[in-house]
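# predicted coordinates and the sequence they were generated for:
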Amino acid sequence: MDRYSKLIRFSLIVLLLFLALVPIIPVSQPYFFYMMFWVIMASSFNIIYGFVGYLPFGYVMFYGVGTYITAILWSRFQVPIPIAIMMSGAAGVLLALLFAPTLRLKGIYFAIVNFSSAMILRILVSNLPEEWTGGSFGITLTGAYNPVAGYYFMLFLMIITICVALWLSRSRLGIALRCIRDDESAAMVMGINVQMSRLKAWCLAALFPSLAGGVETWFSAIVDPDTSFNMLFTAKTVVYAMFGGLGTITGPIFGSAFMYELDDFIWGHFPLMNLMVLGFMIVFLILFLPKGVIGSIINKRPKLRQIIQ
């Protein structure tokens with residue numbers, strides 16, 4: 001086991017070094033940028049669904065708020081992009097607190113309310129004064145375009161997201177969240193503050209997509225409501241996380257890397273089949289691989305949990 005652990009650690013170091021060198025070697029920088037973006041989205045989604053069991057159908061709203069807060073602060077108030085990104089993360093957490101009462105709902109009721117909330121935000125952003133949000137055309141950040149800085153910011157954010165997810169899996173909060181997910185009544189009997197534990201997970205799950213949205217704005221230098229609040233983002237986040245394995249740390253990472261590569265291949269060669277393949281993957285996962293790839297491996301070989309968790 002120690003030998004395998006050392007091999008995995010060494011592989012991770014090599015991978016991080018490679019990602020750090022991407023902007024200066026002849027490979028596709030946008031490809032690896034968006035792969036890291038999806039790792040962040042899937043890992044963050046795993047916090048609220050894999051650990052807590054809440055399925056937010058409108059999860060894209062945190063990403064959307066992050067993109068617009070960053071764009072508005074830079075274009076309207078000349079706030080430096082790094083500071084604007086930090087403030088977009090704070091805005092995401094505030095949005096999570098605003099919708100915290102919805103955590104009292106469960107199952108499909110929470111999912112539907114969350115989906116409706118995202119739709120309301122999309123309509124609101126589209127109809128705000130154009131001098132603020134650019135209306136349906138969005139905002140172009142011509143002077144802020146800096147793909148190299150945006151790339152390294154996304155790399156740093158991905159590392160932080162994974163470290164937080166790893167900490168959560170081993171912390172008292174993570175244990176409490178799993179207890180709540182499996183048996184809420186038993187968790188309350190054990191003295192766990194159910195509402196506060198859920199709220200902490202909800203805020204963490206909102207923070208990283210909001211920050212990722214801000215960084216993506218820096219990288220692409222353009223935002224619009226159709227992209228920032230596109231429900232396909234939520235669908236892909238769910239599929240990427242499920243494919244790897246919800247409730248694990250390496251699952252969303254593996255799922256994002258594999259599914260993004262598959263998605264990129266399909267878009268490049270069979271663009272009209274993209275949504276069909278996405279729908280097929282959802283059906284396949286639910287029927288044949290509900291625990292995901294990593295989850296299924298751990299289920300068959302429990303001793304590997306400490307290595308790949």
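Perfect, thanks for sending it. Residues are numbered from 1 along each chain as shown.

# use CA for all of it now, contacts and neighbours both
Fine.

# pLDDT score assigned to residue 290?
Looking at residue 290, its pLDDT stands at 80.

# who's in contact with the closest residue to it other than its chain neighbours?
Leaving out its chain neighbours, the residue that sits closest to residue 290 by C-alpha to C-alpha, 6 or more residues apart in numbering is residue 242, at 7.4 Å. Applying C-alpha atoms under 8 Å, 6 or more residues apart in numbering to residue 242 gives the contacts 251-252, 255, 285, 290-292.

# which one of those residues has the most neighbours?
Within these, residue 252 tops the neighbour count with 35 neighbours, counted by other C-alpha atoms under 10 Å.

# I'd like the distance between that one and residue 99.
The gap separating residue 252 from residue 99 is 25 Å, by C-alpha to C-alpha, to the nearest Å.

# again with residue 182
According to C-alpha to C-alpha, residue 182 stands 23 Å off from residue 99.

# what's the biggest helix by length in the chain packed up against?
The longest helix of the chain (DSSP state H) is helix 194-220. For helix 194-220, the elements it packs on are helix 29-49, helix 60-77, helix 81-98, helix 147-170, helix 172-182, helix 184-189, judged by 3 or more C-alpha pairs under 8 Å, 6 or more residues apart in numbering; DSSP states H and E.

# next structured bit after the third one?
Pointing back at helix 81-98 there. Remark: after helix 81-98, the chain's next helix or strand is helix 107-127, criterion DSSP states H and E.

# flag every buried residue along that following helix.
Using 16 or more other C-alpha atoms under 10 Å as the test for burial, helix 107-127 gives 110-111, 113-115, 117-119, 121-122, 125-126.

# in those residues, which has the lowest confidence score?
residue 126 (86).

# could you verify my assumption that that one touches residue 139?
No - using C-alpha atoms under 8 Å, residue 126 is not in contact with residue 139; the gap is 11.4 Å.

# intersection of neighbour lists for the two?
Common contact partners of residue 126 and residue 139 (C-alpha under 8 Å, 6+ apart): residue 133.

# what's near enough to touch the residue sitting nearest the centre point of the chain?
Central residue of the chain (C-alpha atoms, centre = their mean): residue 41, 1.3 Å from the mean position. Going by C-alpha under 8 Å, 6+ apart, residue 41 touches 208-209, 212, 237.

# can you tell me which of the residues you listed is nearest residue 78?
The shortest approach to residue 78 among these belongs to residue 212, at 20.0 Å (C-alpha to C-alpha).

# where does the stretch 51-200 of the chain have low pLDDT?
For the stretch 51-200 of the chain, no stretch is flagged by pLDDT under 70.

# and the residue lying closest to residue 36 once chain neighbours are set aside, how far from residue 129?
Residue nearest to residue 36 in three dimensions, not counting chain neighbours: residue 158, with 6.3 Å by C-alpha to C-alpha, 6+ apart. From residue 158 over to residue 129 the distance is 34 Å, taken as C-alpha to C-alpha.

# comparing those two, which residue is more hemmed in?
Neighbour count, other C-alpha under 10 Å: between residue 158 and residue 129, residue 158 has more, with 22 against 11.

# OK, contacts around that one?
Listed by C-alpha under 8 Å, 6+ apart, the contact partners of residue 158 are 36-37, 39-40.
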